[in-house]
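Novice: okay, sequence plus prediction incoming.
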Amino acid sequence: MNFFLPQASTQYMVNVKTPAQPVHKHGAWPPKNSKEYPLPPGANWWSVAKFHHMAVWDLIAFNFKTRVPEEVNYYMRELIGCKFPSKDGYNYSFTGADPARNKIYVPLGHQPPAPAPVKKDFDYFLQELWIETVNSGDPRTDRILCMLSNLQKGVDDRVIFWNHIAPDDQTPVPAHLVRRRDIATKSSAVDPAWFAKNIVIPANIDMQPTGNGIGVGNKFVTSLRKAFVDLQPNLVMFRGMHDQIIETHRTLANWADASEGGSSSMPTEYRAVKTWLKWRTDSDQSVLNCVITAGT
């Protein structure tokens, strides 16, 4: 059984049929023995079913007690708050649904089969991390969700971790504002002499190859997409990445601010990084835009 597919027409209208006995009018919604599943950006029935290792129509029937496409559309509108059609024009999409109702339910105690030991694809991993974040109660939640949403949109994913550019003992810094590299991070940080020679203006940073966050050699610019694909970080690991990103921004801002006890003699390479980051935090086409638009 399939949802409706478009015919030879340019006039689209979602096909809706009111069930004879709507589940929410006789105590069958939410479904019994279920747990709430907030819908992440870009989700659809197929992606959620795949995530939970269920057949798509089994998931739909568990929620709505029907396998009739028109009735499914009715429930998506009435119970999930869906307002906009999917690309085919004949079925509702989760996109743009009422935020207060944008959730479905999965069976309580459902134990999906153990997945094969292979890396998850990027979109699947984003969805998994999104759900973990929503349910975490972490104070970083707003900014982390903003970053995940931007990554899902395919924006510029480049970031710079403080551990990768922290100054060594030879670089004059206001010690109360700037954390130097330590023994644990020394091997992953950029070579100071190379950094000073090669990073003079922001455009120099755009020319740098990106790494996955491990900090190999002088790859001090990290691609979050590479980090996610290669490292598959859990929420605890991503919190650490988030904190490194924020430390870079705050440290450079304080270091350059004389009123905060900073210094007007910040080295050229760090000023170049500061300007490069400023351009990206000001752009909604960068994951770094979340640094100033979400969280505190």
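Specialist: Right, received. Where do you want to start? Predicted, not measured: the structure shown is a model, and the values here were computed from it.
Novice: which residues in the stretch 151-296 of the chain form strands?
Specialist: 158-159, 210-211, 221-223 (DSSP state E, counting those that start in this stretch).
Novice: out of these, the one nearest residue 195 is which?
Specialist: Shortest distance between residue 195 and the strands of the stretch 151-296 of the chain, using C-beta to C-beta, is found for strand 221-223: 11.8 Å. The way it works is simple: take the backbone N, C-alpha and C, and place the C-beta from them, glycine included.
Novice: and the contacts of the closest one?
Specialist: Strand 221-223 has contacts (C-beta atoms under 8 Å, 6 or more residues apart in numbering) with 157-161, 164, 205, 208-213.
Novice: what's the answer for stretch 280-291, then?
Specialist: Contact with stretch 280-291 is made by 143, 146-147, 150-151, 155-159, 224, 245-246, 249, 277, 292, as judged by C-beta under 8 Å, 6+ apart.
Novice: residue 225 and residue 151 touch, don't they?
Specialist: Yes. At 6.6 Å, residue 225 and residue 151 qualify as touching, with contact defined as C-beta atoms under 8 Å.
Novice: overlap in contacts, those two.
Specialist: Shared contacts of residue 225 and residue 151, defined by C-beta under 8 Å, 6+ apart, comprise residue 157.
Novice: one step back: same list (the strands of the stretch 151-296 of the chain) but as JSON lines, adding mean neighbour count and distance to residue 286.
Specialist: Formatted as JSON lines, the strands of the stretch 151-296 of the chain follow (neighbours: other C-beta atoms under 10 Å; distance: least, C-beta to C-beta, whole Å):
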{"stretch": "strand 158-159", "mean neighbour count": "24", "distance to residue 286": "8"}
{"stretch": "strand 210-211", "mean neighbour count": "19", "distance to residue 286": "14"}
{"stretch": "strand 221-223", "mean neighbour count": "21", "distance to residue 286": "12"}
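Novice: can you tell me which of those the model trusts least?
Specialist: When these are ranked by mean pLDDT, strand 210-211 comes last with a mean of 88.
Novice: name every strand pairing with that one and say which way it goes.
Specialist: Looking at strand 210-211 with DSSP bridges, its partner strands are strand 221-223 (parallel).
Novice: now the strand it pairs with: how far from the chain's centre is it?
Specialist: Centroid separation for strand 221-223 versus its chain: 16 Å, with C-alpha atoms, centre = their mean, to the nearest Å.
Novice: cool, and stretch 190-205?
Specialist: Relative to its parent chain, stretch 190-205 has a centroid offset of 29 Å by C-alpha atoms, centre = their mean.
Novice: what do you get for stretch 225-232?
Specialist: Relative to the mean C-alpha coordinate of its chain, stretch 225-232 is positioned 12 Å out (C-alpha atoms, centre = their mean).
Novice: okay, buried residues for that stretch please.
Specialist: By 16 or more other C-beta atoms under 10 Å, the buried positions in stretch 225-232 come out as 225-228.
Novice: can you redo these as JSON lines with distance to residue 267?
Specialist: Formatted as JSON lines, the buried residues of stretch 225-232 follow (distance: C-beta to C-beta, whole Å):
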{"residue": "225", "distance to residue 267": "30"}
{"residue": "226", "distance to residue 267": "28"}
{"residue": "227", "distance to residue 267": "27"}
{"residue": "228", "distance to residue 267": "32"}
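Novice: tell me the most packed of the contacts of stretch 280-291, by neighbour count.
Specialist: Using other C-beta atoms under 10 Å as the neighbour criterion, residue 147 leads the contacts of stretch 280-291 with 28 neighbours.
Novice: got the contact list for that residue?
Specialist: Residue 147 sits next to 224, 242, 287, 290 when contact means C-beta under 8 Å, 6+ apart.
Novice: let's go with 10 Å and repeat that
Specialist: Neighbour list for residue 147: 129, 133, 140, 155, 157, 159, 224, 238, 241-242, 245, 287-291, 294-295 [criterion: C-beta atoms under 10 Å, 6 or more residues apart in numbering].
Novice: do the same with residue 107
Specialist: Contact analysis of residue 107 by C-beta under 10 Å, 6+ apart lists 31-35, 52, 54, 58-59, 62.
Novice: that one pairs with what?
Specialist: Here residue 107 sits in beta bridges with residue 34, going by DSSP bridges.
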